[in-house]
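> following is a predicted model, sequence given first.
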Amino acid sequence: MENKIMAKRIFIPIIIGIIVISGVIYYQQSTKIQDIREGQSQSEQDVNGEKQNQNEIADWKTYKNHGFRIQYPESWELTDFEMERGFEIKINNTNAPCSVLTVSAFPNNFERLGIKEYHTKNYGWGSMYEKLVTFNGIEGVRVHTDWISTMCQSDGISFVEGVFVYDIDITWSNSADKEILEDIFHSFNFENLEAVNKARDARIITAISQIRTIMNQVYIVDNNYNNFNLDNEDIFRFNLVNQVIKDGGSLIISCKPSNNNWINIENACAYSNLSDDYRWYCADSSGHAGFCEGIENDPAPICGLHSLRAQCPSGCE
């Protein structure tokens, strides 16, 4: 009898232990299965959310001009500003005046520096918490920004393409618009730059051809080039200087006398850089005009402001 009682005392705890262990194992397995299911569900949500976002962006409007493209929601508004020297576009949520993306570009990089070198030369480096970043393969400088008002925050990036310096700035007042603005921002891409640069070069060449005509008219009237300069009435009237600069050119007009006789200036020339590195267009009073290619044909030494003559290089064709 005592043996039976002893056996029961041993057996019952064992049974209870088995039940407890089985319950723990079952709970752990159930939790793992639930985690897996939740993970799969979250992954499906992420994929579906990404697809939905891509589909929404695919339905956006596309703006193409100035050698780049950018997309924006159909319900948002885009305004294109042609300025005297450069351009600017604004994309804004008409229902939230603070939510705006601005793309502006100005031909301020005639030395063709990289963005860090350009920023350092013009603004220094370190005082604005600058950070080098890359988006869509474009290297840019991002600077620390603060609240611009009690309602609006801002952020921005600068980068260069040739002689043009680009700024893309965004302001927002709510997180939903910020996400949309970031999608607009990342849709920016250069496109058809070669064709755009050819058109810019053509306008620069046309302007210099007009300047050469004015050069000849000045000589016909005065029998010298004393009044041929950037302040010439006709050059100013036709806005030729700003026209060249707007297209990325840097117009130089130079006049020099023969035999150091500054009373009657007998030589004149005009030139500008073009879109490609080491490529210019030059025209002078001797009837010479053409493209100057390669550093050996840089017009600056003999047609520049500090040159001794006012002629285009002989290698310009």
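Structure received.

> phi, psi of K198?
Main-chain dihedrals, K198, degrees, to the nearest 10: phi -60, psi -40.

> any idea how this structure splits into domains?
The chain breaks down into these domains under automatic domain parsing: 59-191, 195-303.

> closest one to A310 among these?
Nearest to A310, of all those, is domain 195-303, at 4.1 Å by CB to CB. (Each C-beta comes from the backbone N, C-alpha and C, glycine too.)

> what mean pLDDT would you report for the closest one?
The average of the pLDDT scores along domain 195-303 is 92.

> how far does it sit from the chain's center?
In this view, domain 195-303 has its centroid 29 Å away from the chain centroid, taken as CA atoms, centre = their mean, to the nearest Å.

> part of a helix, is D167?
No - secondary structure of D167 (DSSP: H, G, I helix; E, B strand; the rest coil): strand, not part of a helix.

> what about it, neighbour count?
15 (other CB atoms under 10 Å).

> list the residues that contact D277.
D277 makes contact with R112 under the criterion CB atoms under 8 Å, 6 or more residues apart in numbering.

> wait, a helix at it?
No - counting by three-state DSSP, D277 falls outside a helix, being coil.

> tell me which of the domains of the chain sits most buried.
Greatest average neighbour count among the domains of the chain goes to domain 195-303 (a mean of 18), per mean count of other CB atoms under 10 Å.

> just send the domains of the chain back as JSON lines, with distance to A310 too.
Below are the domains of the chain laid out as JSON lines (distance: least, CB to CB, whole Å):
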{"stretch": "domain 59-191", "distance to A310": "21"}
{"stretch": "domain 195-303", "distance to A310": "4"}
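
> out of those domains, which is closest to G315?
Among the domains of the chain, the nearest to G315 by CB to CB is domain 195-303 (4.1 Å).

> now S209: which helix or strand?
helix 193-222 (DSSP states H and E).

> and I91, by the same measure?
Counting by DSSP H and E, I91 is part of strand 86-92.

> could you dump stretch 248-265 to CSV, C-alpha only?
Included here for stretch 248-265 are C-alpha records, laid out as CSV according to Å, rounded to 0.1, in the frame of the first residue of the first chain:
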residue,chain,number,x,y,z
GLY,A,248,26.0,80.2,-69.7
GLY,A,249,28.4,82.4,-71.6
SER,A,250,30.8,85.0,-70.3
LEU,A,251,31.0,87.8,-72.9
ILE,A,252,34.3,89.6,-73.3
ILE,A,253,34.6,92.7,-75.5
SER,A,254,38.1,94.1,-76.0
CYS,A,255,39.4,97.1,-78.0
LYS,A,256,43.1,98.0,-78.5
PRO,A,257,44.9,100.7,-80.5
SER,A,258,47.7,100.3,-83.0
ASN,A,259,51.0,101.8,-82.0
ASN,A,260,49.6,102.6,-78.5
ASN,A,261,47.5,105.4,-80.0
TRP,A,262,44.4,105.4,-77.6
ILE,A,263,42.8,108.3,-79.4
ASN,A,264,41.9,106.2,-82.4
ILE,A,265,41.3,102.5,-81.4
